[in-house]
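Asks: Sequence and predicted model, in that order:
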Amino acid sequence: MMLRYALQTIRDRKGGFLGAFVALMCAAALITACGTLLETGLRGSIRPERYAAAPVLVSADQNVHRTIVKHKKGKTKVKHKAKPIAERAWLPRDVTRRLEGVPGVGKVIPELTFLAQPLAPGVKDPDRPAYGHAWASAALTPFRIVEGRAPRAATDLVVDRGLAERARLEPGDRLTVQSTSAPRTYRVTGIAAPEDGGSALTHQTALFFSDREAERLAAHPGRVTALGVLPADGTSVPTLTAAVEKALDGTTAQVSSGDSRGPVEFLDAAGARVKLVSMGGAMGGTSLLVAVLVVVGTFALSIQQRHRELALLRAIAASPKQLRKLLGREALLVGAAAGALGSLAGIPLGGLLYGKFVDEGVVPATLDRVVSVFPPLAAVAATLFGAWAAARVSARRIARIRPGEALAEAGVERTKLSWVRVVAGLLFLVGGAVLVFVLSLLRTEPASTPVTFLAVVVLASAVALLGPVVVRVSAAVLGRVLRLTGPAGRLAHANLRGNAARMAAAVTPLVLLVGMTCTVLFAQPTLTAAARDQARDGVRADWSLIAQGPGMPAVAARELRAAEGVEAVTEVVRTTVRVGLDKYPAQGVTPAGFTRTWDPDVTAGSLTSFGAGDIAVSELAADQLGLKPGSRLKLTLGDGTPATLTVRAVYARGLGFGDLTLAHDLVARHVDNPLAATVLVKSDRTKNQLAVALRKFPNVRVDSPDAVDRLQAERGQSSADVNLLAMGLVLAFTAIAVVNTLAMSVSERVKEFALLRLAGATRRQVRAMLRTEALSVLLIATALGSAIALAVLTAFSIGMTGSAAPVVLPLLYVAVVAVAALLALTATVVPGRTALKPSPVTVATAKE
């Protein structure tokens, strides 16, 4: 019976339920899209490409492991944790001997993978990074020669057919390749292609060198990237895998087969899984919180518009339980329909977001997207629960009202908030203040980012709960100004005071939109500006060097040091290291004379005797790790190699120069790309004179030291783009909620407008009243949203930069307010025009 009444109500009041339906559908789409990203991070497959013909791979362990023992209440808990390292770990070549002669093993093929970037015009493809290999490992794909011959001499080179087609290369052509050392020109002796007939590799470019030249370029003597193991005749892959695992038992070598081979080949894809899980979880959590806030507000407005109808049901003896059941059934029906449609729409939406992440380089294309029924089912379940909970919360007061008071209260909006709502609002306000305080103490971006967005949502929730009080106070402040604007302003002021709950429902999504958008847009510029300032203040060099390709060859820096008039040349190579399981950005610098090219603002210790076994740390790292000059620090380098270094200095400019500074040669030996990302030059020579000294290296150019600053800005902008992309769906959903709520608020005021018309108001005056109301709501929401964003950004700036100086770009802020104004006015004026079309006499005399 109750279900039939719920269906009848929805059928008869489609317009009243439309807003809730739209909000729930958008929420389901958002949750599904985030869920597909999360599932891709958890279960996305990484198919092997270069290693397609090797059923079993042996590689080095790509993780740092720690065992944590905890004693609590007489019980001992042992946890084993692992975190991925930043660079490729290399495998000792003598592992090959352990596999030779193992039953079932037919052949063991050593693999070398190293940096090898062609420097010909037009050949660089960001979707296909170039790697060098020894020709002996061509069988792992397998590749075969389709033109020319295999490489034999040190200057011979075989390229894959994809590169040959892009660069129009033929056997006999010359090609300059920048690898781990100085650029070298090779003679193309052959063109190779996979045996399956494909024209090129999909996600990479392969260059094959002679075995001896490949070992020289790989620069890891006695080590290999991986070993491909081929089975003997009649041996199955499971049998081969078991035999290899048994032979390597007791070593740290990892054995992979099937789909687990992909992460061995594509390390960035394996690392992207963790990032995608983190991003998907953060986006999904924020989306869910925003969705709950918006949906509760939408249902509250919908039930408020049906106050007279629900009061009549109480007056004719409907019990509170029956009303709650009715509203619950209605919510479940609307939630089921909206959840089903929204979850279906969320699948292509997730694909669009995944594609954008791939384009931005956040997620490599080698990580295949996963789409299953779990995210849509989770979205439908979340939508159903959210709709039911929102309806129950919104109906709490009307269901408990006495039958005799129901119709009396239905005639006028209740001015007094319930004590439960006030207490909840104050708790959210206190919770938001606590989060802002905690944010001011967080000094790492991964820790502060989720707290930043959570603080905005919690403070916006406080505004939603205390909204009627906020609107009434704002109406009192704006009253004199509104009354001076004429009849429209006086009517708008009266509505703000008399219908504060309805106006508060419109204020909340606008507060969330302005607060969240400003936080997303200005958090990264705050961080980037501080990093740029530190880099600018710390660089003492006269010039910087920029190289075409992956970096600056070490030989170019050596020749420049020998040039007349050059005081110091500092090579900087960047990486990421782990101290325990914690990750820290690090850089390697050339110790000789580097204090003349840059100044990290040393606050303790000295850099004058900085050497190969030394390290300098930022104040942040020193605080976190309890270090001071003279301390010994154990860390794991980028490729998993452990090292123990002596702290020589602590410096203040950690944002501009990284948390850890090591000797260049130490870092360069343990990274995939040993070429310097930045080279700083202290010299009284002119730009042209330095260019002459580097004439042997046409791919290197001399630039001003501001190039370091520009590089810092580019890295910051890349992070900003990713953050904006990640939160774009949430912001879009919030914008839809703004339009939805305002349109609902206006569309149900048809009778009010008719009575105003009958009392003598013209259409123009009513429209002016609506515009004034919209601008008043916008002003209140902008003030509150900006205050929330300013508080959160200030705390973020204190924690991350040590200064309460968030960067707010005026033009961008004006654009945010302008978009909010456009949404508010459009969502108010358009429904208002529709509501004013019927004759006022017809509307006033119509039955409800």
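Replies: That came through fine. Numbers count the residues shown, from 1 in each chain.
Asks: And the closest residue in space to residue 556 that isn't next to it in sequence, how close does it get to residue 545?
Replies: Distances taken as Cβ to Cβ, 6 or more residues apart in numbering put residue 697 closest to residue 556, at 4.7 Å, once the chain neighbours are dropped. Any C-beta I mention is one placed from the backbone N, CA and C, and that applies to glycine too. Shown here: residue 697 relative to residue 545, a distance of 9 Å by Cβ to Cβ, to the nearest Å.
Asks: neighbour count winner among those two?
Replies: When residue 697 and residue 545 are compared for neighbours, residue 545 comes out ahead with 24 against 20, by other Cβ atoms under 10 Å.
Asks: quick one, what contacts the more buried one?
Replies: Contact analysis of residue 545 by Cβ atoms under 8 Å, 6 or more residues apart in numbering lists 552, 556-557, 560, 679, 681, 694, 700-703.
Asks: Now list whatever residues contact both of residue 697 and residue 545.
Replies: Common contacts of residue 697 and residue 545 (Cβ under 8 Å, 6+ apart): residue 556.
Asks: related to what we said a few turns ago, can I get the contacts of residue 545 in TSV including secondary structure, pLDDT and distance to residue 97?
Replies: Below are these laid out as TSV (DSSP: H, G, I helix; E, B strand; the rest coil; pLDDT from 0 to 100; distance: Cβ to Cβ, whole Å):
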residue	secondary structure	pLDDT	distance to residue 97
552	strand	85	38
556	helix	86	39
557	helix	87	39
560	helix	88	44
679	strand	89	41
681	strand	91	47
694	coil	84	45
700	strand	83	43
701	strand	83	48
702	strand	85	50
703	strand	83	50
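Asks: Looking at neighbours, which among those is most surrounded?
Replies: Most neighbours among these, by other Cβ under 10 Å: residue 679, with 30 neighbours.
Asks: So it sits against residue 573, correct?
Replies: No. With contacts counted by Cβ atoms under 8 Å, residue 679 stays clear of residue 573, the gap being 10.0 Å.
Asks: Quick one: find the helix or strand in this structure with the lowest mean pLDDT.
Replies: helix 403-410 (a mean of 55; mean pLDDT, DSSP states H and E).
Asks: how about the residue lying closest to residue 283 once chain neighbours are set aside, what does it touch?
Replies: Excluding the flanking residues, the one nearest residue 283 by Cβ to Cβ, 6+ apart is residue 34, at 4.6 Å. By Cβ under 8 Å, 6+ apart, the contact set of residue 34 is 280, 283-284, 287, 350, 375, 729.
Asks: now with 6 Å?
Replies: By Cβ atoms under 6 Å, 6 or more residues apart in numbering, the contact list for residue 34 reads 280, 283-284, 287.
Asks: Just name the closest of those residues to residue 453, please.
Replies: Each of these was checked against residue 453 using Cβ to Cβ; the closest is residue 283, at 9.4 Å.
Asks: which stretches of the stretch 301-450 of the chain form helices?
Replies: Along the stretch 301-450 of the chain, counting by DSSP state H, counting those that start in this stretch, helices occupy 307-315, 320-360, 374-394, 396-400, 403-410, 419-439, 445-465.
Asks: now those as CSV including mean neighbour count and distance to residue 28?
Replies: Below are the helices of the stretch 301-450 of the chain laid out as CSV (neighbours: other Cβ atoms under 10 Å; distance: least, Cβ to Cβ, whole Å):
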stretch, mean neighbour count, distance to residue 28
helix 307-315, 18, 27
helix 320-360, 20, 3
helix 374-394, 21, 4
helix 396-400, 17, 25
helix 403-410, 15, 33
helix 419-439, 16, 25
helix 445-465, 23, 19
